[in-house]
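Peer 1: Here's my sequence, what's the structure:
(2 chains)
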Amino acid sequence: MSNKKVVENKDFVSVKNGDWLRSKFTLVITALIPIAILIGMIYWFATKGASLIETPVVPVEKLDFERIILHPEEIIAYVRNTGPTEIAIAQVTVNEALWEASIHPNNVIPRLGRATITIPFHWVEGEPYEITAITSTGLKFTDAVEIAKETPTPGWRYFGIFAMLGVYVGVIPVYLGFLWFPFLRRVSKKWMNFFLSLTAGLLIFLGVDALHEAFEVAERTPGVFQGVALITMGTLLSFLVLVIVGKRTIGSQAAQKSDLYMRLALAYMIAAGIGLHNLGEGLAIGSAYVLGEVALGAFLVIGFAIHNITEGFGIVAPVASGEKPRNIHFLILGLLAGVPAIFGTWIGGFIYSDIWATLFFAIGAGAIFQVVYEIIKLMSRESEAGIGNLTNFTGLVVGLLIMYITGLFVVI
Amino acid sequence: MNKSPLSRRNFLNIGMGIIGGSALLSGKSLAQKHKKGVILNPGMGHQNGTTMHNSAKQSVSYKDGEMNPMKYLTTFDYGKVRRLPNGGIQREYTIIAQDKEIEVAPGVIYPAWTYNGYVPGPTLRCTEGDRLKINFINAAHMAHTIHFHGIHPANMDGVFEIVPTGGSFTYEFTADPFGLFLYHCHVMPVKKHVEKGLYGAFIVDSRTPRPPAKELIMVINGFDTDFDGENEFYTVNGFANCYAENPINIKVGELVRIYLVNMTEFDFVNSFHLHGNMFRLYRTGTNLSEYEITDTVMLCQGERCVIEFSYKYPGMYMFHAHQNEFAELGWMGFFNVLPAVS
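Peer 2: Got it, this is the predicted structure:
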């Protein structure tokens, strides 16, 4: 130990170019040695070592149906090989009848590779269809269309329908919520804190809801894409990124910034978080529409309107006390929170993928939790007790309850 | 299908080559030529005049020397014949149980247990009163037997005399009575041993022969390729849609006799329906004079019958299970009735 120390000291003392290079070289070598050994091991396993480990007799094949779309006289299924081995699709059946199918680019699908199965079929609207791919080893992989309905192609008509859905579900409720602003400006400081806690309650509910959705969708994603890991990354990263953004805007330099600036920044962050959440909601609505699962269209829109009006309330709550921001800010805040719902319905309707949906919901959840954190910080600054006093506690509970009860109106 | 053990992948390639007109072997180049990639079962399902015609014309070529549905259809094993001192006839057969991966539908490989390397096993044929000697060798990894239907002593019944791996047993009995029978493994669980392919047809002809005819053997069965207790494919003679891809040629007025055996597992009944015609139905084939005239016959598991018919008009006629689900999962075929040569 002491000996080594001496050597180090000596190095430190006689810093010559050669020595410096040598020590850097040693540093790099020590970092590379494990990697080199790993590469050697992989090479050995890939060439001869594999025989050490017995492979199962029957390969565990896995094929995931990512999407089935219906066009006139045609059923198209997008599949992905999520198993450990290459797969060859040998036969395709529709409702348990062998059928012609063309598979692009090839019926032999490498690991994680994709293929498109096109089946000429005179399907009937409203009836269920079961598509099965049988592999060369005789295993069956099946997915079903519950209610056959022509899949919307990205055309102006559906573009418009989806945009309308997004406006009704995302934009209008948020602006409606803004109408509480004059009311909020007139309440006392104590009640203002009550409503801020209420906002925190609303947001906590939204965040948990987004996480729940994320896990639900993640369950449907193929195992290899590690849905839960995606959620962890999405949530944590969006949370941390917003923490940094928060620090830069309303954090350390808070002292130099005006009160309005800080409150407005918080409102913007809430709007952004809610926007991400609404993007996820849009995805769910769009894809449900395509899958023919939105039977109660009007009821759904009403439900979301009631549910999301609270979002608008949450956004304007932080800016209600103090100096009134310019009107343009309200316009932008509303767009920031509501418009993503429109994009969500487009994405969900036209290019839905469970993997992206998982990620969007997770990012939304992280963003919302960060906003909750900011609100609680703001409240702690304003009142000693923060969330801990009875009024604020009640506000939080009422917020949660409002979301729960209005959530009963939203059934997809 | 091949003597040397093959890997699944190789086997697949061979099978695909046989069926798809090498569509799969050259899958990549095909994909480059056509935007649609690889096409499975062209014309199947959505039948209209043209695709039907095409699929009927499409021919499947099988390798020489190997058992296949086309060959199986008219192959009867009469055994090695020897005249006995008492004037009788002895027929000696050899049946080897072996594990084998077989192709049951284009591109689909099934790990079967077989008699003589094919499912169904060989069609044994003899005449009533013949002395039969069946040398059974078990080269499979499980214990097996052969249980014959018909009249014979208890110790020749293939139930108690289990033949272990590497073992052998000789079944000896007199063919009695005449009719259409079957044989199958009777080691428990019997369901599993039958499901995996250990069965075949056993014809005992009457001393008074039936009228001359074009004779065909059809063993109808199913394959549970994913082992979930349900059949994925239904076939005649072991390969889905083989006679739909390769219609059976017959002539107008020609007498056709089919020995029909139902060895379908899991599903209680299977059936045979003939288009554009009626047939004479001899149940179990144990009578030469009593028959009924029908166009559809229902067979329980293990039931069989002899049917006879001839066609009045030329053309393409379908035959299939009247359980349409079975038909569309491979139990379908065509008779291509050619004009009689005048």
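
Peer 1: my read is A:Arg381 is in a helix, agree?
Peer 2: Yes: counting by DSSP: H, G, I helix; E, B strand; the rest coil, A:Arg381 is found in a helix.

Peer 1: Surely A:Phe65 touches A:Ile76?
Peer 2: No: using Cβ atoms under 8 Å, A:Phe65 makes no contact with A:Ile76, being 11.0 Å away. C-beta coordinates here come from the backbone N, C-alpha and C atoms, glycine included.

Peer 1: which SS state does B:Leu299 fall under?
Peer 2: strand.

Peer 1: Skipping adjacent residues, who's closest to it in space?
Peer 2: B:Asn262 (3.7 Å; Cβ to Cβ, 6 or more residues apart in numbering or on different chains).

Peer 1: Which residue ranges of the chain form helices?
Peer 2: In the absence of a named chain, this looks at chain A. Ranges of helices within chain A are A:2-13, A:17-47, A:156-166, A:172-178, A:181-186, A:189-220, A:227-246, A:259-290, A:297-316, A:327-351, A:354-382, A:390-407, based on DSSP state H.

Peer 1: was after chain B, sorry
Peer 2: B:8-19, B:27-33, B:49-57, B:69-72, B:190-195, B:242-245, B:324-328.

Peer 1: Contacts only, for the closest residue to A:Phe121 other than its chain neighbours.
Peer 2: Closest residue to A:Phe121 apart from its sequence neighbours, by Cβ to Cβ, 6+ apart: A:Ile75 at 4.9 Å. By Cβ atoms under 8 Å, 6 or more residues apart in numbering or on different chains, A:Ile75 lies in contact with A:68-69, A:94, A:118-119, A:121, A:123, A:129, A:131, A:145.

Peer 1: Let me know the closest of these to A:Ser102.
Peer 2: For these, the residue nearest A:Ser102 by Cβ to Cβ is A:Thr118; the value is 4.9 Å.

Peer 1: okay, now that closest one: neighbour count?
Peer 2: If you count neighbours by other Cβ atoms under 10 Å in any protein chain shown, A:Thr118 ends up with 19.

Peer 1: State the pLDDT value of it.
Peer 2: pLDDT, A:Thr118: 94.

Peer 1: With A:Val371 instead?
Peer 2: 77.

Peer 1: how close does it get to A:Gly344?
Peer 2: Here A:Val371 is placed at a distance of 19 Å from A:Gly344 (Cβ to Cβ, to the nearest Å).

Peer 1: So which of the contacts of A:Ile75 sit within strands?
Peer 2: Judged by DSSP state E, the subset of these located in strands is A:68-69, A:94, A:118-119, A:129, A:131, A:145.

Peer 1: and of those residues, the nearest to chain B?
Peer 2: Comparing these against chain B with Cβ to the nearest Cβ places A:Thr118 closest, at 6.3 Å.

Peer 1: Identify the bridge partners of that closest one.
Peer 2: Under DSSP bridges, the beta-bridge partners of A:Thr118 are A:Ile76, A:Ser102.

Peer 1: circling back to that earlier point, can you go through the contacts of A:Ile75 and name the buried ones?
Peer 2: Buried by 16 or more other Cβ atoms under 10 Å in any protein chain shown: A:68-69, A:94, A:118-119, A:121, A:123, A:129, A:131, A:145, out of those.

Peer 1: Closest one to B:Met332 out of these, please.
Peer 2: Nearest to B:Met332 out of the buried ones among the contacts of A:Ile75 is A:Val94 (Cβ to Cβ; 15.7 Å).

Peer 1: That closest one reaches A:Ile117, doesn't it?
Peer 2: No: counting by Cβ under 8 Å, A:Ile117 is not a contact partner of A:Val94; they are 10.4 Å apart.

Peer 1: one step back: any chance of CSV for the contacts of A:Ile75, columns distance to B:Val38?
Peer 2: Output for the contacts of A:Ile75, formatted as CSV (distance: Cβ to Cβ, whole Å):
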residue, distance to B:Val38
A:Ile68, 19
A:Ile69, 20
A:Val94, 18
A:Thr118, 11
A:Ile119, 13
A:Phe121, 18
A:Trp123, 22
A:Tyr129, 22
A:Ile131, 17
A:Val145, 23
